[in-house]
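Participant: give me the fold of what follows.
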Amino acid sequence: MQTIKDKLHDMTAMREAKAEAKQEEQAQREMAKARVEVAHEVRKAREAEAAMDLHVNRAAEKAISHESKQQPHQQNDDTSSNQSNNYGHDSTGRPYTDDDFFNIDSQDGSNIDTRSNTKR
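Facilitator: Coordinates of the predicted model:
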């Protein structure tokens, strides 16, 4: 009778050990899945940041070309060489910022931030 009790006790202990190992393995799988999801989101964020940088640079190039078309052409070679070196800068040499692209002048002369629709 004692051997049967011992065998049942051993089977119960084995079942509990297997269940615990299974739960631990499931937790590790969930952690690995979460790491993969985080890595995926980080990659997407880096790609979006690179795309935004590309768009900002293109906008800066277009702004420079637009400014050069709007300004009368000067025969002075010093000013033309300075303008070609102003990549990413306005005509005063100040670097472009997000505000240069997202703000517009309203009728009353105040600036409106088009991202939040609030006056500054």
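Participant: next one: Glu47 relative to Val56, how far apart?
Facilitator: Computed with C-beta to C-beta, to the nearest Å, the distance linking Glu47 and Val56 is 15 Å. From N, CA and C alone the C-beta is placed, and that goes for glycine too.
Participant: what about the two, which has more around it?
Facilitator: Val56 (16 against 10; other C-beta atoms under 10 Å).
Participant: show me where this protein has strands.
Facilitator: 103-105, 111-113, 118-119 (DSSP state E).
Participant: what mean pLDDT does the second one get?
Facilitator: Per-residue pLDDT values over strand 111-113 give a mean of 49.
Participant: what of the shortest one?
Facilitator: Strand 118-119 shows a mean pLDDT of 50 in the predicted model.
Participant: low-confidence stretches in this structure?
Facilitator: Along the chain, the parts satisfying pLDDT under 70 run over 72-93, 95-120.
Participant: could you pull out the helices for it?
Facilitator: Secondary structure of the chain by DSSP state H: the helices cover 2-70, 77-84, 98-102.
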